[in-house]
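Engineer: Output the structure for:
(chains A and B)
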Amino acid sequence: MELILAIVIAVLTGTGIYLLLRARTFPVVMGLTLFTYAVNLFLFAMGRIRYNAPPVTNMADIHTDPLPQALVLTAIVIGFAMTAFVVVLSLRARADLGNDHVDGIDKPRPEKELTEQTEEANA
Amino acid sequence: MSHLLLTPILLPALTAVLLVFMARSSLKVTRVISLASALVVLAVSLYFVAQSAAGGIEVYALGNWLPPFGIIIIADRLSSLMLLVNAVLVVSSIAFTFSWKAERNDSLQPLIHFLAMGVNGAFLTGDLFNLFVFFEVMLIASYALAIFGGGKERAKAGLHYVILNLVGSSFFIIGLGIVYGLLGTMNMADLAAKVAELPPEHAPLLAAAALVLLLVFGLKSAILPLYFWLPRAYAAAIAPVAALFAIMTKVGVYSIVRVHGMIFNQAPIADLLAPWLWPIAILTIAAGSIGVLGVKRVRSQIAYTVVISVGTMIAGIAMNTAEALQATFYYLIHSTWITAVLFLLTEVIAQQRGSMADSIVRGPQIRQHSLLASYFFVAAIAVVGMPPLSGFFGKILLLKATPAGPAQVWLWSVILVGSLATIVALGRTGSTLFWRVTEYKDSKPKVARSSWWSMNSLMALTIALVVFAQPVLTYLGDMSAQLINPTQYFHAVLSTEVVSK
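Structural biologist: Okay, the predicted model is just below:
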């Protein structure tokens, strides 16, 4: 279980950071979202993984730490709001700047790539 | 006293909500409410400063959950001082918005109060996770403020600012997660106690957490590899917002002092930070100096002086002695207020220059040229650090506090060369704006009285920093002693009492 969780967090973080480094706002927002998921899982895992244990003391001999669950709820809510905001901001930037590049400068793509794409579209 | 401790957080929050609902009322009413609320917070902050100057540390346990379990709000000398610095800034920024006739006022005032709430909360909280929450409150208000007014430049700068800070927030949670996983608490005083008992095999992990948190606070305070968002965001924001943002970098500096100075700077990982902070500080000052010489707009220039000032403060923190901290915080107060003055001053100059705005090119002679030129001269002297104004004393104190050795050689030369670069840059700006002029133009309106009030109050306070240097330095000296030896803080937290109903 620990291994699976660790791998999941690692893959989410890796993909998230890869997407964050892209130049278009959509992948960047996706990357932020994935990274936030990874971070939330990480925070949750910091309370240690325990099965069949209520997050309340005095109810059972084995109980799990309730605090990370409370913390992660807060983090999820904040992350959700922030994602909503960044989506709106990206749309606004798309409208104001005329393209979805994070620097607002849409560089013309190399000709080869364009012809390839038109070929694909034609096919 | 105890319930009063919540005022700097609750009052801005309530005011902001009230102002959101009053969006359709007349500007006069909303502005007066906004200013009145800010003045009350200022008065309360003054009271806190007076209280903590007498040596008291006030702790308030929210919901009567005593530490280490509940969230606590705590006002020691450092928190009270930062509250006061912020409260002054908020009052001035709000006063500056009064002169805007065509302002789309539907959200500016509430956003300013939400920002103030986040900043005050970050200064007051005694809980690490709560610090994160208040950071987010502050940031989301600042995102909206940074792009307030709209336009291409703001959208671009805003996008960078928001994305970078969202990544920063995620790293903040990672740091918090490691700290909680290792130590099992979030209360700062309790954390400090737990770090001392940490088994040595866990020390590397804690060091990693400390450095992740340094990354987060470094992003907020704009130190070297992380400052690239700042000049654009500050130059793009409207003037009162840029002035208000002068406190934002200082929140990062405060957090480094509070979290790293108090929690992480002890037994298993003591002296972890110094080897990082020294080069960062020196390179930040150097990068800021190059930036201040290179940019073509006055606002960007002032933004780069913010970078220089952050580097200077980080150097003071890296020394980690009572003397150095005293100098650092003297410089912090000065730098926050004078930066705000310069941003506001640039705005009124830009308004009178018309389409030239604040670009450093030959333009028309402005209407109130001699008055504004003298004002710019005085503010520039202060920010550069020339006698007889506050910047000079801040820098002199810091240079004096530097321990002898190679660090001293580096810091002295970098700070002095940085000051020289700022003198050259601002001198060129001043001569271009006021002397290399074409025709006289009097069609532009004079500076509004409220804008004068706003700038003059901040300016008078920076001058007061020099005139009343003795009591200010005594306060800061006591504060630094409290920071270097935080036993009083721990004692206050652990002996928190239940608040009577």
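Engineer: how about the residues of chain A near chain B?
Structural biologist: By CB under 8 Å from any CB of the partner chain, the residues of chain A that approach chain B are A:20, A:25, A:28, A:32, A:35-36, A:39-40, A:42-43, A:45-48, A:65, A:67-68, A:71, A:74-75, A:78-79, A:81-82, A:85-86, A:89-90, A:92-93, A:96-97, A:102-104. (Each C-beta comes from the backbone N, C-alpha and C, glycine too.)
Engineer: In helices, which of those fall?
Structural biologist: Taking DSSP state H, the ones among the residues of chain A next to chain B that sit in helices are A:20, A:25, A:28, A:32, A:35-36, A:39-40, A:42-43, A:45, A:67-68, A:71, A:74-75, A:78-79, A:81-82, A:85-86, A:89-90, A:92-93, A:96-97.
Engineer: what about burial for those residues, which qualify?
Structural biologist: Buried residues within these, counting neighbours by 16 or more other CB atoms under 10 Å in any protein chain shown: A:20, A:25, A:28, A:32, A:35-36, A:39-40, A:42-43, A:45, A:67-68, A:71, A:74-75, A:78-79, A:82, A:85-86, A:89-90, A:92-93, A:96-97.
Engineer: Would you mind listing the residues in contact with B:A208?
Structural biologist: When contacts are counted by CB atoms under 8 Å, 6 or more residues apart in numbering or on different chains, B:A208 touches B:I178.
Engineer: ok, now how distant is it from chain A?
Structural biologist: For B:A208, the distance to chain A under the criterion CB to the nearest CB, to the nearest Å works out to 13 Å.
Engineer: host element of that residue?
Structural biologist: B:A208 belongs to helix B:203-221 when elements are defined using DSSP states H and E.
Engineer: Return the distance of whatever helix or strand comes next after that helix from the chain's centre.
Structural biologist: Along the chain past helix B:203-221, the next helix or strand (assigned with DSSP H and E) turns out to be helix B:229-236. If you compare the mean C-alpha spot of helix B:229-236 with that of the full chain, they lie 15 Å apart, counting by CA atoms, centre = their mean, to the nearest Å.
Engineer: which helices and strands sit right next to helix B:229-236?
Structural biologist: For helix B:229-236, the helices and strands in contact under the criterion 3 or more CB pairs under 8 Å, 6 or more residues apart in numbering or on different chains; DSSP states H and E are helix B:152-183, helix B:239-255, helix B:298-319.
Engineer: can we see that at 7 Å?
Structural biologist: Contact analysis of helix B:229-236 by 3 or more CB pairs under 7 Å, 6 or more residues apart in numbering or on different chains; DSSP states H and E lists helix B:152-183, helix B:298-319 as its packing neighbours.
Engineer: Show me what the shortest one is packed up against.
Structural biologist: Under the contact definition 3+ CB pairs under 7 Å, 6+ apart, helix B:298-319 sits against helix B:229-236, helix B:239-255, helix B:274-294, helix B:322-353, helix B:390-401, helix B:406-434.
Engineer: how about CSV for those helices, with mean pLDDT and mean neighbour count added?
Structural biologist: As requested, those are arranged in CSV below (pLDDT from 0 to 100; neighbours: other CB atoms under 10 Å in any protein chain shown):
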stretch, mean pLDDT, mean neighbour count
helix B:229-236, 89, 24
helix B:239-255, 92, 26
helix B:274-294, 91, 20
helix B:322-353, 92, 25
helix B:390-401, 90, 21
helix B:406-434, 91, 18
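Engineer: Taking chain B, what residue is nearest to chain A?
Structural biologist: When distances are taken as CB to the nearest CB, chain B approaches chain A most closely through B:G181, which lies 3.7 Å from it.
Engineer: can you tell me which residues contact that residue?
Structural biologist: A:M46 (CB atoms under 7 Å, 6 or more residues apart in numbering or on different chains).
Engineer: Now for the residue in chain A positioned nearest to chain B, how many residues are close by?
Structural biologist: Closest approach of chain A to chain B (CB to the nearest CB) occurs at A:M46, with a separation of 3.7 Å. As a burial measure, the neighbour count of A:M46 was computed by other CB atoms under 10 Å in any protein chain shown and equals 22.
Engineer: nearest spatial neighbour of it, skipping sequence neighbours?
Structural biologist: The spatial neighbour of A:M46 that comes closest, neighbours along the chain excluded (CB to CB, 6 or more residues apart in numbering or on different chains), is B:G181 at 3.7 Å.
Engineer: for stretch A:15-30, how far is the first residue from the last?
Structural biologist: Taking CA to CA, to the nearest Å, the first and last residues of stretch A:15-30 lie 9 Å apart.
Engineer: Might you report the residue contacts of B:N86?
Structural biologist: Applying CB under 7 Å, 6+ apart, the residues near B:N86 are B:116, B:119-120, B:247.
Engineer: let's see it at 6 Å
Structural biologist: Neighbouring residues of B:N86 by CB atoms under 6 Å, 6 or more residues apart in numbering or on different chains: B:119, B:247.
Engineer: pLDDT weak spots in chain A?
Structural biologist: Across chain A, the ranges flagged by pLDDT under 70 are A:57, A:59-60, A:107-123.
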